[in-house]
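K.L.:
Got a sequence here, can you build the structure:
(one chain, ligands or ions: 2)
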Amino acid sequence: MKITAARVIVTCPGRNFVTLKIETDQGVYGIGDATLNGRELSVVSYLEDHVIPCLIGKDPRRIEDIWQYLYRGAYWRRGPVTMRAIAAVDVALWDIKAKMAGMPLYDLLGGRSRDGVLVYGHANGADLSETIDEVGRYIDMGYKAVRAQSGIPGIALAYGVGRGKLYYEPADAALPTETVWDTRKYLNFIPGLFDKLRETYGFDVELLHDVHHRLTPIEAGQLGKAVEPHKLFWLEDVTPAENQEAFKLVRQHTTTPLAVGEIFNTIWDCKDLIANQYIDFIRTTIVGTGGVTHLRRIADFAAIYQVRTGSHGATDLSPVTMGAALHFDTWVPNFGIQEYMRHSEETDAVFPHDYQFNDGRLHVGDTPGHGVDIDETLAAKYPYRPAYLPVARLEDGAMWNW
Ligand code: EZ4
Ligand code: CO
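P.N.:
Ligands and ions are numbered 1, 2, ... in the order given. Presented below is the predicted three-dimensional model:
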């Protein structure tokens, strides 16, 4: 069996997506997601100029060998561009293999571990009372877990509060939007938000919150301690994680569960976080971390330390990643939760898929492969549009982490 062709499809049904389609001499094709929010075209070039020429003629059944070829063979390892390109190839090859086997991907991975995949939705409001209402709206839709982000008094354009609600999108401008950050105002506000949320909705619903890399380790320890009574499912990205040891300090000060990893690219980015049990949930995802082949390695490693998965699932990951992730989640023994930001109707139409939301969980279908396709005719109607994530500055103008 041979790979005969591979093509990159760029489409913007409301936001940009990069998709790789691999074709074979048996007529079976597979698709993989290569979207890198705000840096899309760099992955297009990496695939078209440097990966696809190496794929033609290779046996698509040799997924592991092709993964190692692209990882070791580049000489230059890791990084968001490289690992997304590898992920796109890997997911397309798993799609092909599962189609050839006539199995849904989860079956090929080892079979079903659970009936459905627990997901959390994004509730966000401009202020405290709107955020309380939005969380209620998600509970009414059947969600068992909700992430709460709120506008902060005195902070213009706080993280996680977009113009939309159900379809909120952070990459919102042709050049990065400037936002301002103030740690003191944030820390003064957040415990009160969760007081009110627990007072209103009780303790049965799981609540989550994303700090989005804004705090120092000791500030993160303070916040974790302050929200301990609110029993969060997790506090996410409390501090930047380039220095994995930074989490040791956070961990020493709080029992609030910690999640990190949506911007990680390989197992090496989380090796110490996991082995030292500094975290509870690893948020690496299929598209960001070299596909199913590498995410499986991370999950198995994490299982030894009772760290569970909590894969990134924002709208900048296409439905192709969501489909593959749901198969992964259906199989992976140490599953925790899956993030689920709903794609727009335009996006869902470009990427027909068989997963469905029902009663707080997503359920994969039994279509052979990962169950997601691309409608190329429709995709062609939405040309690429530059869109960037915002940047953040402190009040004195100095750059901070967005
Ligand atoms: O801001 O994926 O937990 N989810 C997140 C995301 C990120 C976006 C950035 O592109 O932090 O919403
Ligand atoms: Co996040």
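K.L.:
What residues does the stretch 151-300 of the chain have near ligand 2?
P.N.:
210, 262 (CB under 5 Å from the ion). Bear in mind the C-beta positions are built from the backbone N, C-alpha and C, glycine included.
K.L.:
what does the stretch 151-300 of the chain put close to ligand 1?
P.N.:
For the stretch 151-300 of the chain, the residues in contact with ligand 1 (CB under 6 Å from any ligand atom) are 170, 210, 212, 262.
K.L.:
got a markdown table for those, with pLDDT, distance to residue 373 and neighbour count too?
P.N.:
Output for those, formatted as a markdown table (pLDDT from 0 to 100; distance: CB to CB, whole Å; neighbours: other CB atoms under 10 Å):
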| residue | pLDDT | distance to residue 373 | neighbour count |
| --- | --- | --- | --- |
| 170 | 85 | 26 | 22 |
| 210 | 98 | 31 | 21 |
| 212 | 98 | 33 | 19 |
| 262 | 98 | 26 | 23 |
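K.L.:
Dump the residues you listed into JSON lines; add secondary structure as well.
P.N.:
As requested, those are arranged in JSON lines below (DSSP: H, G, I helix; E, B strand; the rest coil):
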{"residue": "170", "secondary structure": "coil"}
{"residue": "210", "secondary structure": "strand"}
{"residue": "212", "secondary structure": "coil"}
{"residue": "262", "secondary structure": "coil"}
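K.L.:
Could you dump the residues you listed into a markdown table and include distance to residue 119?
P.N.:
Below are those laid out as a markdown table (distance: CB to CB, whole Å):
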| residue | distance to residue 119 |
| --- | --- |
| 170 | 19 |
| 210 | 15 |
| 212 | 20 |
| 262 | 15 |
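K.L.:
wait, isn't residue 362 in contact with residue 115?
P.N.:
No: with contact defined as CB atoms under 8 Å, residue 362 does not count as touching residue 115 (11.1 Å).
K.L.:
And this structure, split by domain according to the record?
P.N.:
Here the domain parsing of the chain from automatic domain parsing is 3-103, 109-368+390-400.
K.L.:
got a list of what residue 332 touches?
P.N.:
If you count contacts by CB atoms under 8 Å, 6 or more residues apart in numbering, residue 332 has them with 109, 113, 296, 299, 309.
K.L.:
what about the residue nearest to the first one when sequence neighbours are not counted, how many neighbours?
P.N.:
In this structure, residue 109 finds its nearest non-sequential neighbour in residue 331, 4.2 Å apart by CB to CB, 6 or more residues apart in numbering. Using other CB atoms under 10 Å, the number of residues around residue 331 comes to 23.
K.L.:
where does residue 331 land on pLDDT?
P.N.:
On the pLDDT scale, residue 331 is placed at 98.
K.L.:
Below-threshold pLDDT in this protein: ranges please.
P.N.:
Within the chain, the ranges that satisfy pLDDT under 70 run 162-166.
K.L.:
Neighbours of residue 222, how many?
P.N.:
Other residues lying near residue 222 total 17 when counted by other CB under 10 Å.
K.L.:
do stretch 84-96 and ligand 1 meet at all?
P.N.:
No: counting by CB under 6 Å from any ligand atom, ligand 1 has no neighbours in stretch 84-96; the shortest distance is 12.5 Å.
K.L.:
chain center to that stretch: distance?
P.N.:
How far stretch 84-96 lies from its chain's middle: 16 Å, per CA atoms, centre = their mean, to the nearest Å.
K.L.:
Return that stretch as PDB; C-alpha atoms alone will do.
P.N.:
Taking C-alpha atoms only, stretch 84-96 is exported to PDB below (Å, rounded to 0.1, in the frame of the first residue of the first chain):
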ATOM      1  CA  ARG A  84       1.300  20.200  14.400                       C
ATOM      2  CA  ALA A  85       2.600  19.100  11.000                       C
ATOM      3  CA  ILE A  86       3.400  15.600  12.400                       C
ATOM      4  CA  ALA A  87       0.000  15.500  14.200                       C
ATOM      5  CA  ALA A  88      -1.800  16.100  10.900                       C
ATOM      6  CA  VAL A  89       0.100  13.300   9.200                       C
ATOM      7  CA  ASP A  90      -0.400  11.000  12.200                       C
ATOM      8  CA  VAL A  91      -4.100  11.600  12.500                       C
ATOM      9  CA  ALA A  92      -4.700  11.100   8.800                       C
ATOM     10  CA  LEU A  93      -2.800   7.800   8.900                       C
ATOM     11  CA  TRP A  94      -4.800   6.500  11.900                       C
ATOM     12  CA  ASP A  95      -7.900   7.500  10.000                       C
ATOM     13  CA  ILE A  96      -6.700   5.500   7.000                       C
END
